[in-house]
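**Student:** quick one, fold the following:
(4 chains)
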4 protein chains.
Amino acid sequence: MSARMTAAPAISIPDLEALIREGVPLVGNFGVSIDELVPGRVRMRMPYKDDFVRPGGTVTGPAMFGLADVALYAAVLSLIGRVELAVTTSMTINFLRRPAPVGIVCEGRVLKLGKRLAYGEVLLFSEDALDEPVAHATGTYSIPPHAPVSVTVSGYRDGGAD
Amino acid sequence: MSARMTAAPAISIPDLEALIREGVPLVGNFGVSIDELVPGRVRMRMPYKDDFVRPGGTVTGPAMFGLADVALYAAVLSLIGRVELAVTTSMTINFLRRPAPVGIVCEGRVLKLGKRLAYGEVLLFSEDALDEPVAHATGTYSIPPHAPVSVTVSGYRDGGAD
Amino acid sequence: MSARMTAAPAISIPDLEALIREGVPLVGNFGVSIDELVPGRVRMRMPYKDDFVRPGGTVTGPAMFGLADVALYAAVLSLIGRVELAVTTSMTINFLRRPAPVGIVCEGRVLKLGKRLAYGEVLLFSEDALDEPVAHATGTYSIPPHAPVSVTVSGYRDGGAD
Amino acid sequence: MSARMTAAPAISIPDLEALIREGVPLVGNFGVSIDELVPGRVRMRMPYKDDFVRPGGTVTGPAMFGLADVALYAAVLSLIGRVELAVTTSMTINFLRRPAPVGIVCEGRVLKLGKRLAYGEVLLFSEDALDEPVAHATGTYSIPPHAPVSVTVSGYRDGGAD
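**Tutor:** Below you'll find the model as predicted:
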């Protein structure tokens, strides 16, 4: 991650992990954890669980979607702080390779933070093959009015276009 | 559903429910069931579970994604039979309204069935508000070579464009 | 289109065609026209032009994207009137079959109209093969503040979720 | 672009520009040109034209879609050579900021090259504000059988998942 992103995230890793565990228990129960969090970027991981299997011996799509969704939530909250009511309005996920039945790691980043909408992308990898993504997701979060947004995103200024 | 779609689906409801339960246990454990299945179309439902909650008292996105994903799988298999290795290559889901914390029903249909790719859409509704969708998903399934595909989809002929 | 949608659209066909021609001249110059407009739904057509060709003797994707984009614009404006600054925030288009080098017709409808966002879908057909879509698009329009929104969409009540 | 990507692209810039001009004349007539081409990556530009205007004094979406579409085509052909019949199967574009009425530059890259499908992403910028994207597109190209695919994509091995 960029050397200049030395600012602290607007929410701490323990607070964010607790928010995911309590606020989004379906995905919290997947056992996701945050490896790294800087403003606008996150690296997360999800262990393999037996019920993630699907025909072909691979990780099922909805588990990867869940990880991508909370990774984007984390990347947005790293910028605006604990705004629980930020909600996904749309997500597109492309499954690129069949992952082995092992843990998944992902890197999410915010590409645009506006007053009402945030947009970002997430690359997902098998934890034993970090050089080729198994999936790529993009998504938009809606930010409720009066949430405190006054930040610069990894070189991308708040454009105010939304 | 259209009156002329009187042909039997290429897989029965009990077989498909068993395949989802055993083959995709993460979503199978959501308790999804199939209300109606005709070639190219399906109506499914998913009961509300406590861990589907998310901030705002609504159903979490990944649960709806999981339902949409298996609904599209069901709609595709209603046409080509038990091809377990049909896999999602991409899904786009738009969350349109915050559903109440109740069950979700959905209607999925195949818009294109080719030799290698199938494409369809799914509308999701709260079970207590069937006149306005809470989410809309579109997605593509990849069909492995040598799967038996020789059907007509609800008036949409196999285009052979993929 | 549904018999109950007897209300007049919030903008007339000639006004909307003029707005497209003058406001979005790139697509206006494609020669698009509106066949039918009711609140929340539109049917449009686009004649074939020589520069729409692409390898394989078919209609190029960006032309179909342009038609889908203005069709969604038309469907939204049929509900909220002449709000020129409604802008696309995202579009997903799936190309399902290779269209013949002939005109394209499409049907667009709004699935959700909120205060800030409208979402809808567009099915596109070759004008000589109306039983199988050549493409399917979904998209979101952002509605500027203070635009007059107070309508019912083809059975889908304004959910206020956005 | 990565220092290690020193291999030559599988098609030259002049050949690719000619192919776009002749094969996709709608977008070719936009005046697009290629600044840089290495295997799996491309940088292109599109000058501003009067008919790209749309309400709000900005660049219309279909022009940006057209640029993103050919950029992904170029990135794919940089890997597999002159396979004219590679066709877009889906594209998702998110418009992030209203660009000024000036030229657009973009960077496209392939994230996955399989035997039948290629997937990539394109970031678009106003030529006078290269630090914040105005749009982001992702898309899938279908590669016809018997096209010569035998390459390594910028560290992403051919996964064979499709």
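
**Student:** pretty sure A:Lys112 sits in a helix.
**Tutor:** No - read with DSSP: H, G, I helix; E, B strand; the rest coil, A:Lys112 is strand and lies in no helix.

**Student:** what residues does the helix or strand of chain A with the lowest mean pLDDT touch?
**Tutor:** Across the helices and strands of chain A, mean confidence by mean pLDDT, DSSP states H and E is lowest for strand A:53-54: a mean of 86. For strand A:53-54, the surrounding residues in contact (C-beta atoms under 8 Å, 6 or more residues apart in numbering or on different chains) are A:59-61, A:101, B:23-25, B:87. All C-beta spots, glycine's among them, are computed from the backbone N, C-alpha and C.

**Student:** give me the phi and psi for A:Leu72.
**Tutor:** Torsion angles at A:Leu72 (phi, psi; degrees, to the nearest 10) stand at phi -70, psi -40.

**Student:** likewise the one 4 residues further on?
**Tutor:** Dihedral angles phi and psi of A:Val76 (degrees, to the nearest 10) take the values phi -70, psi -50.

**Student:** what bits of chain A have low per-residue confidence?
**Tutor:** A:1-6, A:146-162 (pLDDT under 70).

**Student:** buried stuff in stretch A:108-125?
**Tutor:** Within stretch A:108-125, the residues that count as buried by 16 or more other C-beta atoms under 10 Å in any protein chain shown are A:108-114, A:116-125.

**Student:** rewinding a little: partner strands of whatever helix or strand comes next after the least confident helix or strand of chain A, with direction?
**Tutor:** For strand A:53-54, the succeeding helix or strand toward the C-terminus, using DSSP states H and E, is strand A:58-59. Using DSSP bridges, strand A:58-59 pairs in its sheet with strand A:53-54 (antiparallel).

**Student:** distance from the partner strand to the middle of the chain?
**Tutor:** 22 Å (C-alpha atoms, centre = their mean, to the nearest Å).

**Student:** separation between the nearest residue to A:Ser33 once chain neighbours are set aside and chain C?
**Tutor:** Among residues not flanking A:Ser33 along the chain, A:Arg45 sits closest, at 5.8 Å (C-beta to C-beta, 6 or more residues apart in numbering or on different chains). The gap separating A:Arg45 from chain C is 28 Å, by C-beta to the nearest C-beta, to the nearest Å.

**Student:** wait, doesn't A:Arg45 sit right on A:Ile104?
**Tutor:** Yes - under the criterion of C-beta atoms under 8 Å, A:Arg45 makes contact with A:Ile104 at 6.9 Å.

**Student:** compare those two (neighbour count), which wins?
**Tutor:** A:Ile104 (25 against 17; other C-beta atoms under 10 Å in any protein chain shown).

**Student:** beta partners for that one?
**Tutor:** Beta-bridge partners, per DSSP bridges, of A:Ile104: A:Met46, A:Ser126.

**Student:** now do the contacts for it.
**Tutor:** Per C-beta under 8 Å, 6+ apart, neighbours of A:Ile104: A:45-46, A:48, A:59, A:63-64, A:67, A:124-127, A:134.

**Student:** note down every partner strand of the helix or strand hosting A:Asp35 and its orientation.
**Tutor:** For A:Asp35, the host element (DSSP H and E) is strand A:33-38. Strand pairing for strand A:33-38, determined by DSSP bridges: strand A:41-46 (antiparallel).

**Student:** what's the nearest residue to the most centrally placed residue in chain A if we skip its chain neighbours?
**Tutor:** Geometric centre of chain A, nearest residue: A:Ala71, 1.3 Å, by C-alpha atoms, centre = their mean. Distance criterion C-beta to C-beta, 6+ apart; nearest residue to A:Ala71, sequence neighbours excluded, is A:Gly108 at 3.7 Å.

**Student:** same question for A:Ser90.
**Tutor:** Excluding its sequence neighbours, the residue lying closest to A:Ser90 (C-beta to C-beta, 6+ apart) is B:Asn94, at 4.5 Å.

**Student:** what does A:Pro9 give?
**Tutor:** The spatial neighbour of A:Pro9 that comes closest, neighbours along the chain excluded (C-beta to C-beta, 6+ apart), is A:Ser78 at 3.9 Å.

**Student:** number of nearby residues for the one you found?
**Tutor:** 28.

**Student:** next one: A:Pro55
**Tutor:** For A:Pro55, the neighbour count with other C-beta under 10 Å is 16.

**Student:** got a list of what it touches?
**Tutor:** Per C-beta under 8 Å, 6+ apart, neighbours of A:Pro55: B:23-24, B:84-85.

**Student:** same deal with A:Leu124?
**Tutor:** A:64, A:67-68, A:104-106, A:133-137.

**Student:** out of those, which is most surrounded?
**Tutor:** Counting neighbours by other C-beta under 10 Å, A:Ala68 comes out on top of the contacts of A:Leu124 with 32 neighbours.

**Student:** if we can go back for a sec, need the contacts of strand A:53-54 in a markdown table (columns: secondary structure).
**Tutor:** Converted to a markdown table, these look like this (three-state DSSP):
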| residue | secondary structure |
| --- | --- |
| A:Val59 | strand |
| A:Thr60 | coil |
| A:Gly61 | helix |
| A:Pro101 | coil |
| B:Gly23 | helix |
| B:Val24 | coil |
| B:Pro25 | helix |
| B:Val87 | strand |
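
**Student:** chain A: helices as residue ranges?
**Tutor:** For chain A, the helices defined by DSSP state H occupy A:13-23, A:25-28, A:61-80.

**Student:** what's the angle between the longest one and helix A:13-23?
**Tutor:** What separates the directions of helix A:61-80 and helix A:13-23 is an angle of 130 degrees, with axes from the mean of the first three to the mean of the last three C-alpha atoms, to 10 degrees.
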